[in-house]
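Asker: starting from these lines, generate the structure:
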Amino acid sequence: MYIIIEHLLIVIEYQRKIIYYLCFLAFGKNFKPKTDVIDDKKYLKLAVDPLPIFGEPPRQLWNYQDLLVEYFNNNGKELKPVKRRGGNSVPDDAICTFCGAPPKYAYDNNGGRGAYWCKVCDSKFAISKPSIDDDPYCPFCFTKLILYARRISYDVYRCYNLKCPYRIRKQSAMNTEQKALYKKSPFLFKLRYSYRKFHWDFKPLSKENDYLPVVDLVNIRSSQHILGLILTYHVNYGLSLRKTAALMYDVHGVKVSHQTIANYRDAVAPRIKPFIDGFDYELSDSYCGDETYIKINGVWHYVFFFFDAVKKIVLSYRVRAKRDWQSAVLAFNDVLVKFKEIPKDLNFITDGNPIYLLARQWFAQYGINFDITQVIGLTNEDEVSAEYRPLKQIIERFNRTFKGNYKPTGGFSAEFGALSSVTLFVAYFNFLRPHAKLEGKVLVLIPELDSLENMPAKWLRLIALSEEYIIAKHNEKAA
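Answerer: Next comes the predicted model:
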């Protein structure tokens, strides 16, 4: 047996040499055979720099401390701050653009409309709030950034000042091996400050959501109890539409088609979704998120889940066709709108996908700041991954729970059905599903649901509470 294998290897090697020789005759010196050694190609990981300065930065002419010393030497006394009368004050950002004097030395020159008079340098200045639509300037050397490339959803600007402190610091941090590699492949290194100007008219902290069109439930042919049974079998136990229809007939003697069950699902989800999104949750200080896959009409889509890592409450469940930074923005936004006041030390735990870093920069340009801790890889190769991996594993376990309900469906034929199914699953997970680690209790306890004995009744009561919530919100807007 071993002699036969050895003979075959010799024949294969001989054939390989013949093939190489023929290719060399056909292509000449341009032919380069592939080696058996795996080439570990380096690539540049995405890095997000701090925001630039919007609008031309002021050029300071003097130093107010030097002027104060000069005033003391000339007058023998210190220059006192401005005395405020009648409770009037100037904002904290009323800093003189000519000498840098703090607001305590600024007179209000036009009744609180943004014009001031500096007592130190005797100059008049105005405060203009920068806009992200202004020209961007490098925050390290104050050089105007130049457009480098246009992408589908943003433009890339770079600082081309060779004496920029950012570039000098990056160069000095390179070792001998990196400097040699930089001369050969400069595209593998990021030495210049860069800024991405996004093209998107979405407003931060907007409560816009993927609300589904409401389908009337009044004209359904089945009773309310049958509706509760269908939701229990289909959502709680993750049965497919056809299995749910078969179970209803085999056990309860109710003949209902799988399409009718889909219609019921698509009618209930729009009513419950506003209740899920607007519920006043009691949240902790730890949040994590991840994306998972589903199929819609044979094409892979993504579901972005973000939830409270301590309370296990699902806060965002976006269904998106692309895994891009806009999807990450919407997922973050779903969590942020649930805070009455955004915590200063807010931190999200995510994987190493760079879209979350871009989403954070998008919020930062509107003054909304939070931290992101990325747990990278499957093993704890750094201290950050070792510390935060338990939180990342929580969302992974949740994804497995969701996939247990999703797999029997075999995918969805339309995005409408996918949105409905995900919405109902989140409603079940937050309000109806008993959790073993909570001694059989639900995550979000609602007294009206807890007092009911069976699950079909709880589903019906949840629908009623959702409709009451929609009516109350409509009346608030009307008032």
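Asker: show me how far the biggest helix by length in the chain is from its chain's centre.
Answerer: In terms of residue count, the longest helix belonging to the chain (DSSP state H) is helix 2-27. In terms of CA atoms, centre = their mean, to the nearest Å, the centre of helix 2-27 is found 53 Å from the chain centre.
Asker: what's the burial count for Trp362?
Answerer: Trp362 has 23 neighbouring residues, counting by other CB atoms under 10 Å. Every residue, glycine included, has its C-beta placed from N, CA and C.
Asker: re the thing from before, contacts for the helix or strand following the longest helix of the chain, please.
Answerer: Scanning forward in sequence from helix 2-27 by DSSP states H and E, the next helix or strand is strand 53-54. Residues outside strand 53-54 that contact it (CB atoms under 8 Å, 6 or more residues apart in numbering) are Pro130, Ser131, Ile132, Asp133, Asp134, Asp135, Pro136, Tyr137, Cys138, Pro139, Phe142.
Asker: so which of these is surrounded by the most neighbours?
Answerer: Cys138 leads these on contacts (other CB under 10 Å) with 26 neighbours.
Asker: quick one: contacts for that one?
Answerer: Pro52, Ile53, Lys144, Leu145, Cys159, Asn161, Cys164, Tyr166, Tyr193.
Asker: repeat the analysis, applying 6 Å as the threshold.
Answerer: Residues near Cys138 by CB atoms under 6 Å, 6 or more residues apart in numbering: Cys159, Tyr193.
Asker: Tyr182 too?
Answerer: Phe189.
Asker: change it to 10 Å
Answerer: Counting by CB atoms under 10 Å, 6 or more residues apart in numbering, Tyr182 touches Gln171, Met174, Leu188, Phe189, Leu191.
Asker: now do the helices in the stretch 151-300 of the chain.
Answerer: 165-172, 176-184, 224-231, 241-252, 258-278 (DSSP state H, counting those that start in this stretch).
Asker: before we move on, which element is the residue positioned nearest the centre of the chain in?
Answerer: The chain has Ala328 as the residue nearest its centroid, 2.8 Å off, counting by CA atoms, centre = their mean. In the assignment (DSSP H and E), Ala328 maps to helix 325-336.
Asker: low pLDDT regions in the protein?
Answerer: 1-2, 24, 26-44, 86-88, 112, 208-221, 377-386, 479 (pLDDT under 70).
Asker: closest one to Val337 out of the contacts of strand 53-54, please.
Answerer: In terms of CB to CB, no member of the contacts of strand 53-54 lies closer to Val337 than Ile132, at 20.8 Å.
Asker: pull the contacting residues for the closest residue to that closest one other than its chain neighbours.
Answerer: Leaving out its chain neighbours, the residue that sits closest to Ile132 by CB to CB, 6 or more residues apart in numbering is Gln365, at 5.0 Å. By CB under 10 Å, 6+ apart, Gln365 lies in contact with Leu51, Pro52, Phe54, Ser131, Ile132, Tyr195, Arg196, Lys197, Phe198, Pro204.
Asker: out of these, which are inside strands?
Answerer: Phe54, Tyr195, Arg196, Lys197, Phe198 (DSSP state E).
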